[in-house]
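J.: A predicted structure for the sequence below; I have some questions about it.
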Amino acid sequence: QTFLKGLADYIRYYNNDRIKLRLSMSPVQYRQQYTDNIQTTCQ
């Protein structure tokens, strides 16, 4: 139980809170921006 909660917390941190220096944003923010740009370009 404790291990699974710790693992879930780390995955959430890794994907949502960790700032990738090369991107200057988190992986989730980068994917969202990429998706928004594609949708804007295709319209």
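T.: Structure's in. What do you need?
J.: end-to-end on stretch 3-19?
T.: Chord length of stretch 3-19, first to last residue, is 24 Å (Cα to Cα, to the nearest Å).
J.: gap between the residue minimising distance to the centre of the chain and residue 3?
T.: In the chain, the centroid-proximal residue (Cα atoms, centre = their mean) is residue 28; its distance is 2.0 Å. Per Cβ to Cβ, to the nearest Å, residue 28 is found 24 Å from residue 3. (C-beta placed from N, C-alpha, C; glycine too.)
J.: repeat for residue 23
T.: Applying Cβ to Cβ, the value for residue 23 to residue 3 is 30 Å.
J.: quick one: which of those two has more around it?
T.: residue 23 (11 against 7; other Cβ atoms under 10 Å).
J.: ok, and the closest non-adjacent residue to residue 30?
T.: residue 23 (5.0 Å; Cβ to Cβ, 6 or more residues apart in numbering).
J.: any low-confidence regions in this protein?
T.: Within the chain, not a single segment meets pLDDT under 70.
J.: please enumerate the helices of it.
T.: Assigned helices in the chain, in chain order: 2-12, 27-42 (criterion: DSSP state H).
J.: which among those is found nearest to residue 19?
T.: helix 27-42 (8.8 Å; Cβ to Cβ).
J.: what comes into contact with the closest one?
T.: Applying Cβ atoms under 8 Å, 6 or more residues apart in numbering, the contact partners of helix 27-42 are 14-16, 18, 20, 23, 25.
J.: rerun at 7 Å
T.: Applying Cβ atoms under 7 Å, 6 or more residues apart in numbering, the contact partners of helix 27-42 are 15-16, 20, 23.
J.: right, and out of those, which lies closest to residue 43?
T.: Nearest member of the contacts of helix 27-42 to residue 43, counting by Cβ to Cβ, is residue 23, at 24.6 Å.
J.: and the closest one, how far is that from residue 4?
T.: The gap separating residue 23 from residue 4 is 29 Å, by Cβ to Cβ.
J.: how many neighbours does residue 12 have?
T.: 12.
J.: so how far is residue 43 from it?
T.: According to Cβ to Cβ, residue 12 and residue 43 sit 32 Å apart.
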